[in-house]
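Chemist: Quick one: sequence and predicted model below, then my questions.
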Amino acid sequence: MSEAEEQRRATASLAHRVPDLGALELLLAVARLGSLGAAAREVGITQPAASSRIRSMERQLGVALVDRSPRGSRLTDAGALVTDWARRVVEAAAAFDAGAQALRDRRDSRLRVAASMTIAEYLLPGWLLALHAERPDTAVSLLAGNSARVAELLLAG
């Protein structure tokens, strides 16, 4: 089996072997708050749903993660180790999300305008000033031409 095939097989099965981000965030909340109920409230689910999610994660990983008692919940030794790993995964996911948001912001901060000469000369300056007041980081490129050319550009995307 080639290295690429091994990598593809390992990656494809990761989704089945690694808990989802929501479960990892829940485990981190249990570790931080010391209570399954408090962790459930923090992540916006019911306590029974949180308990079920932790049990499912324990089955998936094959180890007990949380000792439950009437006085609260505490991590097992394995749970503490998994929590350390979970923290890094969640931090990486947060960095991924921040990067994706930066890409969206960058994409949204460019505006290409094609306008007829009359519109470009009389109306566009006021519109661009209003845009600049609202979104000062938006870069604008303008192509002024006759109406037929503007229509062609619009139809071409």
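Modeler: Looks like it arrived, so ask away. Just so you know, these numbers come straight off a predicted model, no measurement behind them.

Chemist: you'd agree Val89 is in a strand?
Modeler: No. If the criterion is DSSP: H, G, I helix; E, B strand; the rest coil, then Val89 is helix and not within a strand.

Chemist: Which of the helices or strands spans the residue nearest to it when sequence neighbours are not counted?
Modeler: For Val89, ignoring the flanking residues on the chain, the nearest one in space by C-beta to C-beta, 6 or more residues apart in numbering is Leu24 at 5.8 Å. Where you see a C-beta, it was placed from the backbone N, CA and C, and this is true even at glycine. Under the criterion of DSSP states H and E, Leu24 resides in helix 21-33.

Chemist: ok, Gly62 to Ala78 distance?
Modeler: Taking C-beta to C-beta, to the nearest Å as the measure, Gly62 falls 9 Å from Ala78.

Chemist: The two: which is more packed in?
Modeler: Ala78 (15 against 7; other C-beta atoms under 10 Å).

Chemist: pLDDT score assigned to the more buried one?
Modeler: pLDDT for Ala78: 97.

Chemist: What residues sit buried inside the helix or strand where it lies?
Modeler: Assigned by DSSP H and E, Ala78 belongs to helix 77-108. For helix 77-108, the buried set under the neighbour-count rule, 16 or more other C-beta atoms under 10 Å, comprises Gly79, Val82, Thr83, Ala86.
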